[in-house]
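Q: Return atomic coordinates for the entry below.
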Amino acid sequence: MSTNTPTTDSKSPGEELHAVTVENDGRPDECTLYPRGSTGIDRMSRWITVEADAVVDLDAVR
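A: So this is what the prediction gives:
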């Protein structure tokens, strides 16, 4: 199962990110972030995946 969530940081300039969370059975869930609107080779070169529990709400940690 995947959850798509737009992610923005209004306090810093830059691109809006798209987040996709994948729930894994028997392994930690994973969250992949990439620039919204990117496609093809551009998307494949501009992404990062982390374990979902490493992602925190930006306002909560400021």
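
Q: Please make it C-alpha for all contacts and neighbour counts, starting now.
A: OK.

Q: contacting residues around stretch 49-62?
A: Here stretch 49-62 makes contact (C-alpha atoms under 8 Å, 6 or more residues apart in numbering) with 9, 21, 28-33.

Q: And it, how far out from the chain middle?
A: With C-alpha atoms, centre = their mean, to the nearest Å as the basis, stretch 49-62 stands 10 Å off its chain's centre.

Q: Identify each buried residue in that stretch, please.
A: Using 16 or more other C-alpha atoms under 10 Å as the test for burial, stretch 49-62 gives A52.

Q: With just CA atoms, put it into CSV.
A: In CSV, the C-alpha atoms belonging to stretch 49-62 read as follows (Å, rounded to 0.1, in the frame of the first residue of the first chain):
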residue,chain,number,x,y,z
THR,A,49,14.4,6.9,0.2
VAL,A,50,14.5,6.6,4.0
GLU,A,51,12.8,4.5,6.6
ALA,A,52,9.5,6.1,7.3
ASP,A,53,10.1,6.5,11.0
ALA,A,54,13.0,8.8,10.2
VAL,A,55,10.7,11.4,8.7
VAL,A,56,9.3,13.9,11.1
ASP,A,57,7.0,16.9,10.9
LEU,A,58,9.1,19.9,10.2
ASP,A,59,7.0,22.2,12.4
ALA,A,60,7.2,19.8,15.3
VAL,A,61,11.0,19.8,15.4
ARG,A,62,11.6,23.5,14.8
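
Q: what pLDDT, on average, does it get?
A: For stretch 49-62, mean pLDDT rounds to 90.

Q: Okay, buried residues for the lengthiest helix in the chain please.
A: Criterion DSSP state H: the longest helix present in the chain is helix 40-45. Buried residues in helix 40-45, counting neighbours by 16+ other C-alpha under 10 Å, are absent.
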